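Engineer: what's the 3D shape of this:
(one chain, ligands or ions: 3)
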Amino acid sequence: MRRSRAIIALLFIAVLAALGPPLAAVYLAQQQGLDAEFNRALEYARVVVSRSDRAVEQMRLANALLHDEFSRNPGDSCSDQLLLRMQQLSIGMEFIKIAGAVRNNRLICSTLGRHDSGLELGPADVVTSNGTSLRYQSPLPTDENVPYVSLERLGFIAMTNRNQALDISMDREGVLFGTFDAFTNEMRTSNFPGNTNWVLQTQGVMESAFVDGDYIVAVVRSDNVRFTGAVAAIPIRYLNGRVQEFMLLLLPLAVIAGLIISFAIVYLARQQSSLSTQIRLGLKRNEFFLVYQPVVDVSSRQWRGAEALLRWRRKGGEIVYPDAFIPIAEQTGLIKALTERVIELVEQDLGAFLSSAPGFFVSINLSARDLQSDAALDLLLDLKRRTGADSGQIMVEITERLLLDPDRAAKVVHLLRSRGIHVAVDDFGTGYSSLSYLETIPFDALKIDRLFVEAIDKEAATSRVVLHIIEMAKTLGLKLVAEGVETEAQASYLRERGVAFAQGWLYAKPVSPERLIQHFAKSGDQPPTVES
Ligand code: C2E
Ligand code: CA
Ligand code: CA
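Structural biologist: Ligands and ions are numbered 1, 2, ... in the order given. Here you go, the predicted model:
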């Protein structure tokens, strides 16, 4: 039941993992497509603005040139000389269709010749502060269908085809273009019934692109000629095409990535579950055993106790160390069964020995998970009762992780100590804890982690941590056990600072229970000194 639920959960996670990258790809393709189309629309609008700017610049220039000519020979603004000039300008400048002279809103002569009574132009649409008059719909006798924009200043006028700015060569159909007056926000020219909303909603912004209904819209205002702006709107169907392009590119990769991830998840989960199955089998086949690493008195080097360390002898004889299976046992809940086996093994290995060696203690590692329920505690109390061990002959080592739940930790420590089982904090200094728990929970010992002992003969900043730990333990009246002592220098450093106990390869590697007991029998002393 639990197993099938785990499999369903695993499949669910695998499917999610497989879907993740493709979903991300779809999202990405949409974003990329949108970005690309926004840029394209902005590009179109910029082209229109720059063409329109050029037209305005040329009209200004034409006016200035005509006025210069006139200033040199003042009098008749329709002299032969000026008429010739007008013709030259409309031929020589791309955007200038007609150049001419104006009096009282009437075109009196132009590129087209002299207009006897003058052609009525009507009032200007806009008159700027420097006296320039703009007309957005100048009628012309020659061609009434062509809409002209004109710019008049100091009696001269230049006209350009209104649609010329929009006349850009296009590889796409259905794109809307328009120019607008950036002062009034009114559309000037467009190849569609002008939508002033787009202009109004971007007021005060130089460039902007957005989606509106069926169009990707870009609005650009000229920073050159202050009264010109342009709109370009691309039908949304081009976006969909673009998204598909990106999708074709990204989706296959994303699907492959998703499959790889989900296969990896399934593979790892199966490996883990196969390892936990093997641990279960190993328990059934009695493949686990304990070795004991002596804990010595730092001054005399006599063996005062030992830490039980778990080993797994696989079928082929290979020995597996705890780092390879304890974490998975913790994750899968198998740690309970392992701890139960450890306690059984301690009883088998040292049960009789403990009552014959009252000064000797054995130390058992518990994992945080063991302490969530009372099962392990009950087994430990049974162990003590059945072996007849004295108070302090059985010690448990717990890591700081347990202290993430300080209430539970306090309860467990009180219970164990009240029954004569001592409690040490393992790997001290590497954990997550605030140190305040040390004052409120009455531990018996701290085991200084190997990391800090290693740092002793180096000039590392960590080396100072040992000193702090030693000071603190003294203040709180806690016993100290230094782990992983490998050199004489470390040993004398610890001895000089009053650390009572130590463990490490300098003194002894973990040994079999027979070897441990033999050591005491040989020396005949209790507890004896280590020879050589
Ligand atoms: P730990 O409790 O910190 O155990 C000390 C580890 O350091 C042991 O490794 C020991 O062999 C190693 N060691 C001892 N002296 C030295 C030394 O001088 N130098 C070096 N480099 N290493 C030294 P081991 O036996 O591989 O155990 C690894 C960890 O596995 C233990 O760390 C403990 O957290 C866990 N473990 C071992 N047995 C059990 C068990 O029965 N139950 C639980 N829950 N965890 C266990
Ligand atoms: Ca330990
Ligand atoms: Ca340790």
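
Engineer: Which SSE is immediately downstream of the lengthiest helix in the chain?
Structural biologist: What stands out as the longest helix in the chain, according to DSSP state H, is helix 2-72. In the C-terminal direction, the helix or strand that comes right after helix 2-72 (DSSP states H and E) is helix 80-92.

Engineer: Quickly list the domain ranges of this structure.
Structural biologist: Split into domains by automatic domain parsing, the chain comes to 38-162, 285-513.

Engineer: touching ligand 2 at all, stretch 470-488?
Structural biologist: No. Using Cβ under 5 Å from the ion, no contact is recorded between stretch 470-488 and ligand 2, whose separation bottoms out at 7.5 Å. In short, each C-beta sits where N, CA and C put it, glycine included.

Engineer: What is the end-to-end distance of that stretch?
Structural biologist: As for stretch 470-488, its first-to-last residue distance stands at 19 Å under the measure Cα to Cα, to the nearest Å.

Engineer: now that stretch: how far from the chain's centre is it?
Structural biologist: Centroid separation for stretch 470-488 versus its chain: 41 Å, with Cα atoms, centre = their mean, to the nearest Å.

Engineer: follow-up on the earlier one: Throw the domains of the chain into JSON lines and include mean pLDDT, thanks.
Structural biologist: Compiled in JSON lines, the domains of the chain are given as follows (pLDDT from 0 to 100):
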{"stretch": "domain 38-162", "mean pLDDT": "89"}
{"stretch": "domain 285-513", "mean pLDDT": "92"}
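
Engineer: for these, which one sits closest to ligand 1?
Structural biologist: Proximity to ligand 1 (Cβ to the nearest ligand atom) singles out domain 285-513 among the domains of the chain, at 3.4 Å.

Engineer: isn't residue 325 right up against residue 319?
Structural biologist: No. Using Cβ atoms under 8 Å as the test, residue 325 is too far from residue 319 to be in contact (11.6 Å).

Engineer: tell me, what's touching the two both at once?
Structural biologist: Contact criterion Cβ atoms under 8 Å, 6 or more residues apart in numbering; residues shared by residue 325 and residue 319: residue 312.

Engineer: quick one, which of the two is more surrounded?
Structural biologist: residue 325 (21 against 10; other Cβ atoms under 10 Å).

Engineer: which residues sit in contact with that one?
Structural biologist: 275, 279, 312.

Engineer: Centre of this protein to the edge, which residue is at the far end?
Structural biologist: residue 116 (77.4 Å; Cα atoms, centre = their mean).

Engineer: Can you name the residue of the stretch 101-250 of the chain nearest to ligand 1?
Structural biologist: residue 250 (45.7 Å).

Engineer: neighbours of the nearest residue to that residue once chain neighbours are set aside, just the number please.
Structural biologist: Spatial nearest neighbour of residue 250, excluding adjacent residues (Cβ to Cβ, 6 or more residues apart in numbering): residue 25 at 4.1 Å. Neighbour count of residue 25, defined by other Cβ under 10 Å: 21.

Engineer: you'd agree the residue of the stretch 101-250 of the chain closest to ligand 1 is in a helix?
Structural biologist: Yes. The assignment for residue 250 is a helix, going by DSSP: H, G, I helix; E, B strand; the rest coil.

Engineer: tell me how far stretch 195-207 is from the chain's mean position?
Structural biologist: Using Cα atoms, centre = their mean, the offset of stretch 195-207 from its chain centre is 36 Å.

Engineer: what does stretch 317-336 give?
Structural biologist: With Cα atoms, centre = their mean, you get 32 Å for stretch 317-336.

Engineer: Would you state the helices of this protein in chain order?
Structural biologist: 2-72, 80-92, 196-200, 237-284, 326-332, 335-356, 375-387, 406-418, 437-440, 450-454, 463-476, 488-496, 513-523.

Engineer: Which stretch among those is buried most, on average?
Structural biologist: Most buried of the helices of the chain, by mean neighbour count (mean count of other Cβ atoms under 10 Å): helix 450-454, with a mean of 20.

Engineer: so what secondary structure elements neighbour that helix?
Structural biologist: helix 463-476, helix 488-496 (3 or more Cβ pairs under 8 Å, 6 or more residues apart in numbering; DSSP states H and E).

Engineer: try 6 Å
Structural biologist: On a contact count with 3 or more Cβ pairs under 6 Å, 6 or more residues apart in numbering; DSSP states H and E, helix 450-454 meets no helix or strand.

Engineer: is ligand 3 contacted by that helix?
Structural biologist: No. Helix 450-454 does not reach ligand 3 (Cβ under 5 Å from the ion); its nearest approach is 6.9 Å.

Engineer: Next, see if that helix gets close to ligand 2.
Structural biologist: No. For helix 450-454, no contact with ligand 2 is found by Cβ under 5 Å from the ion; the gap never falls below 10.2 Å.

Engineer: Need the contact partners of that helix.
Structural biologist: 429, 462, 465, 466, 482, 483, 484, 485, 490 (Cβ atoms under 6 Å, 6 or more residues apart in numbering).

Engineer: ditto for stretch 410-426
Structural biologist: With Cβ under 6 Å, 6+ apart, stretch 410-426 has contacts from 371, 380-381, 391-392, 394-397, 399, 441, 443-447.

Engineer: now do stretch 223-230
Structural biologist: Residues outside stretch 223-230 that contact it (Cβ under 6 Å, 6+ apart) are 45, 48-49, 52-53, 56, 179-183, 220-222.

Engineer: just the residues you listed now: which is nearest residue 409?
Structural biologist: For these, the closest approach to residue 409 (Cβ to Cβ) belongs to residue 220, at 67.3 Å.

Engineer: what residues are up against the closest one?
Structural biologist: Going by Cβ under 6 Å, 6+ apart, residue 220 touches 45, 46, 49, 207, 230.

Engineer: What separation is there between the residue lying closest to residue 352 once chain neighbours are set aside and residue 362?
Structural biologist: Closest residue to residue 352 apart from its sequence neighbours, by Cβ to Cβ, 6+ apart: residue 387 at 7.9 Å. Relative to residue 362, residue 387 is positioned 10 Å away (Cβ to Cβ, to the nearest Å).
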